[in-house]
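K.L.:
let me see the structure of the following:
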Amino acid sequence: MPVKKDDFILVDYVTKIKETGEVFDTTMAEEAKKGGVFKDNTVYEPMFIVVGKGWVLKKLDNSLIDIEVDDKKTVEIPPEDGFGLRDPAKIRVIPIGRFRRQDVKPYAGAQVEIDGKTAIVRSVGAGRVQVDFNPPLAGKTLVYDLVVKKIIEDRSEKIRALIHRRIPTMNVEKFNLNVTEKEITIEVPEEAFYLEGIQFAKRGVASDLQAFFSLERVVFTEVFTKPSPPPSEEPPKQGDEPVDKQPSS
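P.N.:
Numbers count the residues shown, from 1 in each chain. Next up, the predicted model:
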């Protein structure tokens with residue numbers, strides 16, 4: 001069955017920079033290790049996409065339509081369809097003293113913040129630092145080698161996919177769901193109560209669910225369970241009591 005617009009799908013991919021052949025991003029741990037971009041704190045799993053919703057680059061989004069599950073496809077995205085062309089006006093030279101006053105030691109490749117904007121240090125010379133405010137992938141052609149792993153059709157599975165998109169560090173199966181035609185109640189597991197940004201994540205989940213399923217109410221519940229007391233030692237059975245030995249006369 002081919003992918004169509006508005007489908008909920010899972011996609012594995014490897015993204016390379018055409019000009020250098022280096023791996024920029026991937027959903028697969030082994031590919032990340034081979035490409036030298038593996039990160040311990042990253043969750044490697046197929047990317048969840050709702051086709052046509054602009055969650056990925058437009059050309060990539062459009063290229064997903066009509067792909068069959070398990071078919072492999074290569075998509076090439078030029079700079080004008082990706083992160084734009086490089087703008088020479090976004091390259092500036094800044095006195096090194098400005099960095100020293102902020103206790104920052106610039107070096108080629110370092111990411112720095114200047115006037116609230118992120119830049120990459122391109123070179124450090126005698127008293128001057130050249131910084132580049134262009135996006136890191138500006139001017140690069142991206143090559144996606146991808147495969148659609150699954151089209152999600154079950155409603156509950158779609159809901160869980162939307163939750164996982166916003167709260168990726170939690171096992172989504174720990175969220176208990178009670179779904180009716182116009183309302184959903186989501187019981188949040190205790191491990192997620194104090195996750196950083198959890199309130200913003202819940203707001204995002206609610207917005208997604210109401211947009212995709214026309215729900216009138218999205219209810220989150222948090223149940224605090226009283227910890228069980230530690231097991232107490234069983235009293236000794238009759239006949240097992242220790243016997244005090246009397247000193248011999």
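
K.L.:
give the buried residues for the strand or helix carrying residue 131.
P.N.:
Element membership of residue 131, judged by DSSP states H and E, is strand 128-132. Buried positions in strand 128-132, judged by neighbour count with 16 or more other Cβ atoms under 10 Å: 129-132. From N, CA and C alone the C-beta is placed, and that goes for glycine too.

K.L.:
kindly report the same for stretch 86-102.
P.N.:
86, 94, 96, 99.

K.L.:
do you know how far residue 217 is from residue 64?
P.N.:
32 Å (Cβ to Cβ, to the nearest Å).

K.L.:
who touches residue 162 in this structure?
P.N.:
By Cβ atoms under 8 Å, 6 or more residues apart in numbering, the contact list for residue 162 reads 205, 208-209, 212.

K.L.:
same check on residue 95?
P.N.:
Contacts of residue 95 by Cβ under 8 Å, 6+ apart are 127-129.

K.L.:
pLDDT and distance to residue 148 added to these, as JSON lines?
P.N.:
Output for those, formatted as JSON lines (pLDDT from 0 to 100; distance: Cβ to Cβ, whole Å):
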{"residue": "127", "pLDDT": "90", "distance to residue 148": "53"}
{"residue": "128", "pLDDT": "94", "distance to residue 148": "49"}
{"residue": "129", "pLDDT": "95", "distance to residue 148": "45"}
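
K.L.:
between those residues, which sits nearest residue 199?
P.N.:
Nearest to residue 199, judged by Cβ to Cβ, of the contacts of residue 95 is residue 129 at 39.4 Å.

K.L.:
on that earlier part again, which strands border the strand holding residue 131, and is each parallel or antiparallel?
P.N.:
strand 91-95 (antiparallel), strand 117-124 (antiparallel) (DSSP bridges).

K.L.:
restricting to C-alpha, output the shortest one in PDB.
P.N.:
In this case it means strand 91-95. Output of strand 91-95 as PDB, limited to C-alpha atoms (Å, rounded to 0.1, in the frame of the first residue of the first chain):
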ATOM      1  CA  ILE A  91      30.100  36.500   7.700                       C
ATOM      2  CA  ARG A  92      31.600  39.100  10.100                       C
ATOM      3  CA  VAL A  93      34.900  39.900  11.700                       C
ATOM      4  CA  ILE A  94      34.800  40.700  15.400                       C
ATOM      5  CA  PRO A  95      37.700  41.900  17.700                       C
END
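
K.L.:
looking at the contacts of residue 95, which one is closest to residue 46?
P.N.:
residue 129 (40.8 Å).

K.L.:
let me see the contact set for the closest one.
P.N.:
93-96, 99, 106, 121, 123.

K.L.:
beta partners for it?
P.N.:
residue 94, residue 124.

K.L.:
residue ranges of the helices in the protein, please?
P.N.:
Under the criterion DSSP state H, helices of the chain are mapped to 29-35, 58-63, 96-101, 155-166, 198-213.

K.L.:
do you know which of the ones you listed lies nearest residue 51?
P.N.:
Of the helices of the chain, nearest to residue 51 by Cβ to Cβ is helix 58-63, at 6.6 Å.
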